[in-house]
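S.K.: Provided below for reference: sequence and predicted model.
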Amino acid sequence: MSEPAPSSGPASSGSEQPLLQAALALGQAARVAAYWSQYALSRRLTRPVRSRRPIAGEGPGLGYVLQDLRLLLRRDRDNVAAGLYRPPHDLLEAPLRALAGAPRYLRDLRQVERRRHARRHNEVSRPPPGSGPPRDLVGEGAYPKYYLQNFHYQTDGWLSAESAALYDHQVEVLFVGGADAMRRQALVPLAGFLRERRQAGLRLLDLGCGTGRLLSFVKDNWPRLPVTALDLSPAYLEAARRQLAPWRDTAFVQAPAEATGLPEAGFDMITAVYLFHELPARVRPQVLREVVRLLRPGGLFVLVDSLQKGDHPPYDPLLDYFSEAFHEPYHASYLKADLEGLLRRAGLVPEGLERAFFSRVMTARRTV
Ligand SMILES: C[S@@+](CC[C@H](N)C(=O)[O-])C[C@H]1O[C@@H](n2cnc3c(N)ncnc32)[C@H](O)[C@@H]1O
């Protein structure tokens, strides 16, 4: 996999650049410090889970990971300097939010820790009453069976407001404040696509939108672009609705990504961020067939997800450990899935592949 240089583009000049870069660097540092302290505290408050499968090799030290995070943040700043996207809309507020979320996160960590050591991940095998099943996939009024689990031993699975309130914070702690910057790498191909076209009439769909973090960056950059946020979880969709409240032309759909019920060829761009590693192997091609059905010819698909084995060998042991210790039931099969082959077989033409810290950013087109 390519190890990209900072994305190139028309570097903007002007006296405000050094100031903007300094503000960005400061905001990033404050944010990372807030999440780093919680990461370090979490390590003290929890015990490692013994993997049931042997893990080959040892992961790199923390120093290596932090240096890699520094490269990601540098790339994020370079992308802003190159005019590919704006500084994050929550630059000032994000470090405060990171601190304010700590008590809730730490309270929940105790429950997560208990589940991890008891290997209890089926607390939501029946959806809680009133959690609003979208359609019948596996039985009367049910969510797909694979969906009803405590992924990464989370509280309430995907199915409560509490789970949605905790999610972004938990992911940021896991990636020491790098998660949003990884998501923003999806904006680079979107910027390229949009630059070549008139925006009027274009539409974007985000599959498995979660709380709407990616879409908030999309709307901040292209406020007039109509976007559709799709997720199976009503609670996460509700959080996305709140996240996207400052913008217009937003739609929210509760449906499975493999059978959205949305009109054929209705979108020019489709994104999926951290969705594919949560899907069973048999569902991934179904989602890709749905992507092809939903994209207009010439349309762009951007997939951001966990690195796979071999993408960046120093991280291979960490990826294996993550599958095991965090109850990621489909991550192990995801790690070795031939994603490029899956894209091709679904009828997409793979175009780009880059690494961004612990993520891979893939792009593909529907050509006909
Ligand atoms: C790991 S989260 C990723 C959320 C978000 N995209 C992000 O950037 O963090 C996975 C999301 O996908 C949703 N999801 C999982 N399986 C799904 C499916 N088959 N169809 C639609 N959404 C799904 C979950 O409800 C959850 O919100």
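M.R.: Arrived safely. Note that the structure is predicted; figures quoted are calculated from it, not measured. Numbers count the residues shown, from 1 in each chain.
S.K.: wait, Leu41 sits on Pro103?
M.R.: No. Contact criterion Cβ atoms under 8 Å: Leu41 and Pro103 do not qualify, at 11.7 Å. (Glycine included, C-beta is placed from N, CA and C.)
S.K.: which of those two has more neighbours?
M.R.: Remark: of Leu41 and Pro103, Leu41 carries more neighbours, 15 against 9, as counted by other Cβ atoms under 10 Å.
S.K.: can you give me the strands in this protein?
M.R.: Applying DSSP state E to the chain gives strands spanning 204-207, 227-231, 250-254, 267-273, 295-306, 349-356, 359-365.
S.K.: a markdown table for those, including mean neighbour count, distance to Leu24 and mean pLDDT?
M.R.: As requested, these are exported to a markdown table (neighbours: other Cβ atoms under 10 Å; distance: least, Cβ to Cβ, whole Å; pLDDT from 0 to 100):
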| stretch | mean neighbour count | distance to Leu24 | mean pLDDT |
| --- | --- | --- | --- |
| strand 204-207 | 26 | 24 | 98 |
| strand 227-231 | 25 | 25 | 97 |
| strand 250-254 | 17 | 26 | 96 |
| strand 267-273 | 25 | 22 | 98 |
| strand 295-306 | 21 | 21 | 98 |
| strand 349-356 | 17 | 17 | 97 |
| strand 359-365 | 23 | 20 | 98 |
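S.K.: tell me which of those strands sits nearest to the ligand.
M.R.: Ranking the strands of the chain by their distance to the ligand (criterion: Cβ to the nearest ligand atom) puts strand 267-273 first, at 3.7 Å.
S.K.: any residue of that closest one touching the ligand?
M.R.: Yes. Judged by Cβ under 6 Å from any ligand atom, strand 267-273 comes into contact with the ligand at Val273.
S.K.: contacts for that strand next, please.
M.R.: For strand 267-273, the external contacting residues (Cβ atoms under 8 Å, 6 or more residues apart in numbering) are 183, 186, 190, 193, 197, 202-208, 210, 213-214, 218, 228, 257, 287, 291, 294-296, 298-305.
S.K.: relative to strand 227-231, how tilted is that strand?
M.R.: On the basis of axes from the mean of the first three to the mean of the last three Cα atoms, to 10 degrees, strand 267-273 is oriented at 40 degrees to strand 227-231.
S.K.: for strand 267-273, which strands pair with it and how are they oriented?
M.R.: Looking at strand 267-273 with DSSP bridges, its partner strands are strand 204-207 (parallel), strand 295-306 (parallel).
S.K.: now tabulate the ones you listed in JSON lines and tack on distance to the ligand.
M.R.: Formatted as JSON lines, the strands paired with strand 267-273 follow (distance: least, Cβ to the nearest ligand atom, whole Å):
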{"stretch": "strand 204-207", "distance to the ligand": "6"}
{"stretch": "strand 295-306", "distance to the ligand": "8"}
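S.K.: adding distance to Leu91, write those strands out as a markdown table.
M.R.: What follows is the strands paired with strand 267-273, written out as a markdown table (distance: least, Cβ to Cβ, whole Å):
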| stretch | distance to Leu91 |
| --- | --- |
| strand 204-207 | 22 |
| strand 295-306 | 21 |
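S.K.: so which of those strands gets nearest Asp320?
M.R.: strand 295-306 (11.7 Å; Cβ to Cβ).
S.K.: ok, now which ones touch Leu318?
M.R.: 59-60.
S.K.: how about the residues of the stretch 201-350 of the chain by the ligand?
M.R.: So the stretch 201-350 of the chain meets the ligand at 208-210, 213-214, 231-233, 236, 256-258, 273-275, 278 (Cβ under 6 Å from any ligand atom).
S.K.: if we go to 8 Å?
M.R.: 206-214, 230-233, 236, 255-258, 272-275, 277-279, 283, 287, 304 (Cβ under 8 Å from any ligand atom).
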